[in-house]
Structures are given as structure tokens and as C-alpha cells.
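Trainee: Requesting a structural model of the entry that follows:
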Amino acid sequence: MAHEIIGLEAARIRQGDYIVRGTAADGQIRAFAITARQTVQTAHESHHTSPLVTAALGRLMMAGQMMGAMSKNDDELLTLIIRGDGPVGGLTVTANNKGQVKGYANHPNVWIDLNQRGKLDVGGGIGAGTLTVIHDIPGFDPYSSEAELVSGEIGDDLTNYFVMSDQVPTSVGVGVLVDTDTSVRQAGGFIVQLMPGYDPAVVDQLEHNLQGLDSVTNLLERGMTPTDILAYVLRDLDYQELETLPAEFHCGCNDERASRAVLALGASELTDMIEKDEPAETYCAFCGKHYHFAPSELQEMLTKAQA
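Mentor: Numbering: from 1, shown residues only. All right, here's what the predicted structure looks like:
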């Protein structure tokens with residue numbers, strides 16, 4: 001009966017964006033895969049991103065969701081920051097282990113020519129720079145690690161990051177397919193990692209499987225699910241699925257947090273705005289939502305704060 005309930009819950013989750021977590025080669029490999037079209041679409045609509053930035057930000061958000069799913073700490077926040085010298089400038093993404101993510105680009109409306117393959121030139125948009133990963137667990141000092149970008153294409157950069165900063169052999173594939181009307185047609189990805197003590201024969205088989213692997217978006221276009229993708233990438237390695245969890249764009253900003261930001265201006269500044277009958281505006285960089293506080297609301301906030 002319990003297995004039936006778990007199966008029904010997994011089926012419900014898989015009606016939207018979701019992540020699957022699995023293992024292979026008797027625990028020598030751990031793997032994650034995601035489908036996240038609506039997550040990336042929400043980011044596109046929130047920030048009015050160009051197709052290039054939709055692809056870049058979407059790739060990093062999905063990587064963040066899968067990396068967040070690696071954490072066993074419910075309160076941990078994972079932040080990925082890309083700083084590049086290309087026209088996009090940079091990307092910032094924050095994720096937790098519940099599949100929730102938010103993110104923004106420094107310059108969301110960048111347009112540049114397609115690359116030589118006729119694809120969105122994410123690497124050209126990002127340019128040279130660094131990838132920083134910050135782990136923030138309540139009660140502990142945040143810790144971060146950094147690696148140079150190798151291509152700006154996100155997947156390659158994360159593969160390099162895991163090897164250089166975490167010393168974990170990893171393959172990362174993430175992709176976003178943007179339709180002609182700038183909406184998101186497909187979005188998904190996978191992360192496959194070798195665990196300590198792996199057998200060289202496992203590496204050989206995995207490398208064989210990854211050679212000539214089609215793009216993630218092409219796999220999705222062929223109707224493959226995250227389960228199908230991992231089963232294909234890990235064929236002949238005894239892939240076993242362990243968990244399914246929902247994925248979504250989730251900011252968490254609200255009126256209370258916005259009011260605290262306004263109060264941080266200080267009593268003197270707020271009093272001056274009230275006397276001049278000026279409203280206060282605050283903006284959430286992660287979801288694009290604007291908050292407006294009329295002078296009467298500012299007076300009420302100030303009175304409560306001083307009580």
C-alpha cells in the first residue's frame with residue numbers, strides 16, 4: 001500500500017516541473033535530471049529576458065535546482081553567481097533542496113548574433129569570468145568556492161567547477177530551447193557524478209555512454225523524460241531511481257520583507273518622504289515584483305517601528 005501511495009505522489013509531481021534522483025553502478029554513481037520548462041518560462045516572464053538570457057539564466061537555475069537537491073539540510077541555501085565580461089554581465093541564482101529556485105541576470109535584454117552553429121551564443125553573452133558557489137546553512141558561516149569559466153556555456157563551466165573545487169568527476173548537461181515567439185519550448189538537464197572509490201571500468205562505460213550524446217533539448221524534443229535521460233546516460237550501469245521531487249520558480253518575497261527594506265532607509269529619510277507626500281518604491285531583483293508604499297503607509301510603518 002505504501003508503495004502505491006508513493007507511486008501516486010510521484011505521478012502527481014511529474015505533471016509539472018520535477019527532478020529525479022538516482023544511483024547506478026552499485027552506488028558508485030549518483031545522478032540527477034530535471035525538466036523545468038515552466039520554471040524557466042516564469043523567469044522569462046518575470047524579467048522579460050531576451051532568448052539568449054532566457055537560455056543562460058534557465059541553464060544556471062536548473063543546475064542550481066539539481067545541486068540544491070544534493071543537500072540533506074532543509075535550511076541550506078545554495079547561491080550560484082556567474083560574473084563575466086560579456087554583455088550579459090552576470091547571473092545570480094539561489095536554490096534550496098526542495099526544488100525551488102529564483103534568479104536574475106544583470107542585463108536581461110541582451111541580443112547578440114547566433115553562433116556558428118546557428119544556436120544562441122550563451123558563451124559569447126557570458127564571456128570570460130568566474131563561477132562562485134556559496135553554501136549558506138543557518139548557524140554556520142557561509143562558505144564559498146570559485147572556479148574560472150571555461151566556456152560560458154554553463155554546463156561546461158559547472159563540470160569544471162565540480163572537478164576543480166570539489167574534486168568530484170562530474171558531467172553536467174543543461175539546455176533551454178526557446179521558440180520563435182520567445183517562449184520556452186523545452187528546458188532540462190542532468191548531473192552525473194562518480195563517488196569515491198569508483199571502479200575504472202565504470203568510468204570507461206560512462207565515458208562511452210556520454211560520447212556523442214545528443215543535446216538535452218533534443219532528447220526532450222524526442223519525448224524523453226528525466227528518467228529516460230538518466231536511464232540512457234547510465235545504460236549498462238544498473239541505473240536505479242530513488243526519488244522524485246517537484247521543481248518550481250519560487251521567490252518568497254512579500255509585503256513584510258519589502259516593508260523591512262523600506263524601514264532600513266531610516267526614520268529621518270522616511271519622515272522627509274512623508275512630509276513631501278512622496279511614496280516609497282522597492283523592487284525585488286529575483287522576481288521583478290514592485291512594492292509601492294503610500295505616505296500614509298509609511299507613517300503607519302514608522303509609528304509601529306518607534307512604538
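Trainee: Need the contact partners of whichever helix or strand V262 is part of.
Mentor: Secondary structure from DSSP states H and E places V262 in helix 255-263. Here helix 255-263 makes contact (CB atoms under 8 Å, 6 or more residues apart in numbering) with 270, 280, 282, 284, 291, 293, 298, 301-302, 305. (Glycine included, C-beta is placed from N, CA and C.)
Trainee: mind listing the strands for the protein?
Mentor: Shown for the chain, the strands assigned by DSSP state E span residues 18-24, 29-35, 77-84, 90-95, 100-105, 129-136, 143-148, 170-178, 184-194, 240-246, 248-249, 280-283, 290-293.
Trainee: residues in contact with R30?
Mentor: Neighbours of R30 in contact, by CB under 8 Å, 6+ apart: 21-23, 70, 192-193, 195.
Trainee: and what of G124?
Mentor: Taking CB under 8 Å, 6+ apart as the test, what G124 contacts is 86, 112, 115, 152.
Trainee: Dump the contacts of helix 255-263 into a markdown table; add neighbour count as well.
Mentor: Output for the contacts of helix 255-263, formatted as a markdown table (neighbours: other CB atoms under 10 Å):
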| residue | neighbour count |
| --- | --- |
| L270 | 22 |
| A280 | 22 |
| T282 | 18 |
| C284 | 19 |
| Y291 | 17 |
| F293 | 20 |
| L298 | 22 |
| M301 | 18 |
| L302 | 18 |
| A305 | 12 |
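Trainee: so which of those comes closest to G127?
Mentor: For those, the residue nearest G127 by CB to CB is C284; the value is 26.5 Å.
Trainee: Buried among the contacts of G124? Make that a ChimeraX selection.
Mentor: Under the burial definition 16 or more other CB atoms under 10 Å, those of the contacts of G124 that qualify are selected in ChimeraX by:
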select :86,152
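Trainee: closest to D121 among the contacts of G124?
Mentor: N115 (4.1 Å).
Trainee: gap between the closest one and L57?
Mentor: Applying CB to CB, to the nearest Å, the value for N115 to L57 is 18 Å.
Trainee: And for H290?
Mentor: 20 Å.
Trainee: quick one: furthest residue from the center of the protein?
Mentor: E275 (43.2 Å; CA atoms, centre = their mean).
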